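Novice: Predicted structure and sequence below. I'll ask about it afterward.
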Amino acid sequence: MFASVLNNIEGSLTIQNALLCTLASLALGFVIAFVYGMKGACSKNFMMTLVLLPVLVQMVIMLVNGNLGTTVAVLGAFSLVRFRSVPGTSKEMAVIFFAMAVGLATGTGFLSFAAVMTLMVGIILLVMEKSCFGEWKQEYELELTNFEVKTMFRGMIRKWFHDVRSDYNDFIKALLSDDVRMMNTYMNKITLEMFSYFDTGKRASGAEPERFYHGFVLGLMVDLADRYMITSNRESGFGRYDIMLEPRTGQPCTYDAVIIEFKVQAEEEKELSDTVQEALRQIWERNYNAELTAKGIPEAKIRNYGFAFCGKQVLIGGGKILCRRSFAF
């Protein structure tokens, strides 16, 4: 059934037969590499090895004129070479041996046998990879023997997590309750105790200090991820807001949406309150609320805040949306 294309293996080797076997080895090597690569990520070097290995083994077989005894001796000599590489897994070694077997088959001219075996082993490899065959499931069912042991474990676990704070930080509490005074108190306390002028700048100008405060406040809002969709520097209306808090679907309607704009005090602005007003004006002029109102959130449920700062001095203003006439355009 499986006949060799090399009619007389002891005779001279023609270019046509050598080229045919080489192309078959290369094609089957690509098939082996493709099948193995479907299991997940693997290195490019290993994939190249799987492609070239059948060709190399076939060349060795043909150079010794199909003498299997001489071939084994030659390949045994290769095993004496020590490579500075990490040994592969058992699966990788099996695939390498598979590629060598394909090269042995093509080197002796049994191309149809090599193709059939490549197909069969490839299918088996894919089926075993997709199934749970051989997996060690680390699943255990634990039961407490009696009430005393249950009480002991309950006390241990409560002691472990006794000092863990589940409540929000002070700034988030003030933000949720729209307490601008407490928001200012918290931020100014933190800036004095923690921040450096290397972080905020003495007479800040440019984007770096704004980015510093932006990142700090954004980090404080991680606690709100279960209530709000928190986005930063996204397009809305005619520009990009700094931070937006959008109530998640299914949350109580008592939650307000929030838009925050950060501003560094400019030279022409005498007071931080002027900078706060400029931040709120920017929210209105560029219509940052457009994304929220388009989703059906009424303006009465949207709060706008302006964060103004100069070095370590911070001033926060805003809250519920004010009438546009309150800004002097």
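Specialist: Perfect, thanks for sending it.
Novice: Quick one: classify residue 6 as helix, strand or coil.
Specialist: Secondary structure state of residue 6, per DSSP: H, G, I helix; E, B strand; the rest coil, is coil.
Novice: Could you pick out the longest helix of the chain?
Specialist: helix 15-37 (DSSP state H).
Novice: So for that helix, mean pLDDT?
Specialist: Averaged across helix 15-37, pLDDT comes to 85.
Novice: Can you give the distance of it from its chain's centre?
Specialist: 36 Å (C-alpha atoms, centre = their mean, to the nearest Å).
Novice: Just checking the distance from the helix or strand just after that helix to the centre of its chain.
Specialist: Per DSSP states H and E, helix 15-37 leads on to helix 44-63 as the next helix or strand towards the C-terminus. Taking C-alpha atoms, centre = their mean, one finds helix 44-63 lying 35 Å from the centre of the chain it belongs to.
Novice: pLDDT on helix 44-63, on average?
Specialist: 82.
Novice: again, but for stretch 256-265
Specialist: Stretch 256-265 comes out at a mean pLDDT of 89.
Novice: Just the CA atoms of that stretch, as PDB, please.
Specialist: Only the C-alpha atoms of stretch 256-265 are listed here, as PDB (Å, rounded to 0.1, in the frame of the first residue of the first chain):
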ATOM      1  CA  ASP A 256     -25.500  61.700  40.300                       C
ATOM      2  CA  ALA A 257     -23.200  61.700  37.300                       C
ATOM      3  CA  VAL A 258     -20.000  63.800  37.800                       C
ATOM      4  CA  ILE A 259     -17.700  65.700  35.500                       C
ATOM      5  CA  ILE A 260     -14.400  67.000  36.800                       C
ATOM      6  CA  GLU A 261     -12.100  69.500  35.100                       C
ATOM      7  CA  PHE A 262      -8.600  70.400  36.300                       C
ATOM      8  CA  LYS A 263      -7.000  73.800  35.800                       C
ATOM      9  CA  VAL A 264      -3.600  75.300  36.700                       C
ATOM     10  CA  GLN A 265      -3.900  78.900  37.900                       C
END
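Novice: circling back: for the longest helix of the chain, packing partners?
Specialist: helix 44-63, helix 90-107, helix 111-130 (3 or more C-beta pairs under 8 Å, 6 or more residues apart in numbering; DSSP states H and E). Every residue, glycine included, has its C-beta placed from N, CA and C.
Novice: Hey, what's the angle from that helix to helix 90-107? Just curious.
Specialist: 160 degrees (axes from the mean of the first three to the mean of the last three C-alpha atoms, to 10 degrees).
Novice: Show residues contacting helix 15-37.
Specialist: 5-6, 42, 47-48, 50-55, 57-59, 62, 95, 98-99, 102-103, 106-107, 109, 111, 114-115, 118, 122, 125-126 (C-beta atoms under 8 Å, 6 or more residues apart in numbering).
Novice: what angle sits between it and helix 111-130?
Specialist: 10 degrees.
Novice: which of the residues in helix 15-37 are buried?
Specialist: Buried residues in helix 15-37, counting neighbours by 16 or more other C-beta atoms under 10 Å, are found at 17, 20-22, 24-29, 31-33, 35-36.
Novice: Ok, stretch 172-190 next?
Specialist: Going by 16+ other C-beta under 10 Å, stretch 172-190 has these buried residues: 172, 174, 175, 176, 180, 182, 183, 184, 186, 187, 188, 190.
Novice: Of those, which pair is most distant in space?
Specialist: 176 and 188 (19.3 Å; C-beta to C-beta).
Novice: ok, back up a step: counting neighbours, which of the contacts of helix 15-37 end up buried?
Specialist: Buried subset of those (neighbour count, 16+ other C-beta under 10 Å): 6, 47, 50-55, 57-58, 62, 95, 98-99, 102-103, 106-107, 109, 111, 114-115, 118, 122, 125.
Novice: Let me have the helices and strands packed on helix 15-37 in a markdown table, extended by distance to residue 219.
Specialist: Shown next, in a markdown table, are the helices and strands packed on helix 15-37 (distance: least, C-beta to C-beta, whole Å):
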| stretch | distance to residue 219 |
| --- | --- |
| helix 44-63 | 39 |
| helix 90-107 | 43 |
| helix 111-130 | 42 |
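Novice: Now do the residue nearest to residue 99 when sequence neighbours are not counted against residue 104, distance only.
Specialist: Distances taken as C-beta to C-beta, 6 or more residues apart in numbering put residue 53 closest to residue 99, at 4.1 Å, once the chain neighbours are dropped. Note on residue 53: its distance to residue 104, by C-beta to C-beta, to the nearest Å, is 11 Å.
Novice: With residue 262 instead?
Specialist: Relative to residue 104, and taking C-beta to C-beta, residue 262 is found at 69 Å.
Novice: pLDDT-wise, which helix or strand of this structure ranks last?
Specialist: helix 68-78 (a mean of 63; mean pLDDT, DSSP states H and E).
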